[in-house]
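Engineer: Quick one, structure for this:
(2 chains)
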Amino acid sequence: MIPSRRLLSAAVCAAALALAGGAALAAVNAKAVIETREANFKSMGKAMKAMNDGLKADTPDMAAIAANAATIRGFAPKISTWFPKGTGPEAGVKTEAKAEIWTDPAGFAAAASRLEPEITKLEALARAGDVAGARAQIRMVGGTCKGCHDKFKQD
Amino acid sequence: MSESPTPVWDGPTRLFHWALAILVLVAWLTAGEQMTLHRGAGYAILGLLAFRVWWGFAGGSTARFSQFVRGPSAIRAYLSASRQGHAPERAGHNPLGALSVIALLGLVALQAGLGLFAIDEDGFEGGPLSDRIDFDLARQIAEWHELSFRLIQALVVLHLAAILYYVFRKREDLLRPMVTGVRRFSGPVQGLVRAPLWRLAVGVGIGLAVAFAASRGFKLG
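Structural biologist: This is a model prediction of the structure:
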């Protein structure tokens, strides 16, 4: 039964190729996902710094602060969707995401969701021109970054 | 050990030494966590370093750079004399130990200087000058800030190892003189020549001014 054995080995080869290809594809996807989320976090960091720097001034440009707050608010509700399975430390791509994101998904979702209400408040205060309020509120926003990072991100 | 205790380190130098040790420890323990305290430790360290530079030119004899900063030939001569067991006794840093002093002071200055510009990943906790530069550069500087701290840790380990080496191999206690200021030598040794009090007052003024200016991000008014 030589032809069928040949068929079998061809099938095995094809399956192996498919597996390898699938793994390679997953790695490519993981890399793209990780790069995108890191770019998003960096955009948020930049916006955060711009607000902090702005609020140091005697008369801060509150419109600029509101615009930066809006940038972060746009990202905030999506954060927990940036961590599909396979994009953690096991992905083989450099990432500072900790395995806890996937072993404690409820805890992660809760920690990640704390940003949105705080940044929404900050944006409202900035739009209202409340400098003192914004200065106090940005500390709450910063606390939500750190709160999630302490548990779910490597130093 | 027949001679009477000889003064080797003046009070300000000893106080500087222990204050710096404690503040570096505080800065280490608060890093990334209690950033208000961490920044405070940094400002105090900058003030201390400014004082130490002044004291290195105007302080007691053994604190002066001109007395202990030596070239490679002096270091070689010290090493070979030391190996043969007849390095001259002296009050103050030996030519090799002086390198450690310079390296530690320089690295701690670099460390505090980098900290002024560094910012955390959240763009939230930063040094008082981080608002002068953009996020990417401030993050890069924060990474250098971490790296240079590793070097400080390595130098501190070397510093402590050298002290143990002197205790166990050379039977010299370096720790006690840094506390009491005095040391017994086996023969007559030129001891510390103290600086007048007004120079201490000027140094304290310089240190306080630098620490205060750093805490304000060197902004006037």
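
Engineer: how long is stretch B:184-195 end to end?
Structural biologist: Start-to-end span of stretch B:184-195 (C-alpha to C-alpha, to the nearest Å) is 21 Å.

Engineer: what about the helices in the chain?
Structural biologist: With no chain named, the answer covers chain A. Along chain A, counting by DSSP state H, helices occupy A:2-55, A:62-75, A:100-103, A:105-113, A:115-127, A:131-152.

Engineer: nope, chain B please
Structural biologist: Counting by DSSP H, the helices of chain B are B:11-30, B:35-58, B:65-68, B:72-83, B:95-117, B:135-168, B:175-180, B:197-215.

Engineer: Alpha carbons only: can I get the fifth one in PDB?
Structural biologist: Extracted as PDB, the C-alpha positions of helix B:95-117 are listed here (Å, rounded to 0.1, in the frame of the first residue of the first chain):
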ATOM      1  CA  PRO B  95      45.300  56.900  47.100                       C
ATOM      2  CA  LEU B  96      43.300  53.800  46.200                       C
ATOM      3  CA  GLY B  97      40.400  54.500  48.500                       C
ATOM      4  CA  ALA B  98      40.300  58.000  47.100                       C
ATOM      5  CA  LEU B  99      39.100  56.500  43.800                       C
ATOM      6  CA  SER B 100      36.200  54.900  45.500                       C
ATOM      7  CA  VAL B 101      35.300  58.300  47.100                       C
ATOM      8  CA  ILE B 102      35.400  60.000  43.700                       C
ATOM      9  CA  ALA B 103      33.500  57.300  42.000                       C
ATOM     10  CA  LEU B 104      30.700  57.200  44.600                       C
ATOM     11  CA  LEU B 105      30.300  61.000  44.800                       C
ATOM     12  CA  GLY B 106      30.300  61.200  41.000                       C
ATOM     13  CA  LEU B 107      27.800  58.400  40.500                       C
ATOM     14  CA  VAL B 108      25.500  59.600  43.200                       C
ATOM     15  CA  ALA B 109      25.600  63.100  41.600                       C
ATOM     16  CA  LEU B 110      24.800  61.500  38.200                       C
ATOM     17  CA  GLN B 111      22.000  59.500  39.800                       C
ATOM     18  CA  ALA B 112      20.400  62.500  41.400                       C
ATOM     19  CA  GLY B 113      20.900  64.600  38.300                       C
ATOM     20  CA  LEU B 114      19.100  62.000  36.100                       C
ATOM     21  CA  GLY B 115      16.300  61.800  38.700                       C
ATOM     22  CA  LEU B 116      15.500  65.500  38.100                       C
ATOM     23  CA  PHE B 117      14.500  64.700  34.500                       C
END
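
Engineer: Next, the buried residues of that helix.
Structural biologist: For helix B:95-117, the neighbour count (16 or more other C-beta atoms under 10 Å in any protein chain shown) marks B:95-99, B:101, B:104-105, B:107-109, B:111-117 as buried. Backbone N, C-alpha and C define where each C-beta goes, glycine included.

Engineer: what do you get for the shortest one?
Structural biologist: Judged by neighbour count (16+ other C-beta under 10 Å), helix B:65-68 contains these buried residues: B:Phe65, B:Gln67, B:Phe68.

Engineer: How about the second one?
Structural biologist: Within helix B:35-58, the residues that count as buried by 16+ other C-beta under 10 Å are B:35, B:38-56, B:58.

Engineer: The lowest-mean-pLDDT helix or strand in chain B packs against which elements?
Structural biologist: Taking mean pLDDT, DSSP states H and E as the measure, the helix or strand of chain B with the lowest value is helix B:72-83, at a mean of 91. Contacts defined by 3 or more C-beta pairs under 8 Å, 6 or more residues apart in numbering or on different chains; DSSP states H and E place helix B:72-83 against helix B:95-117.
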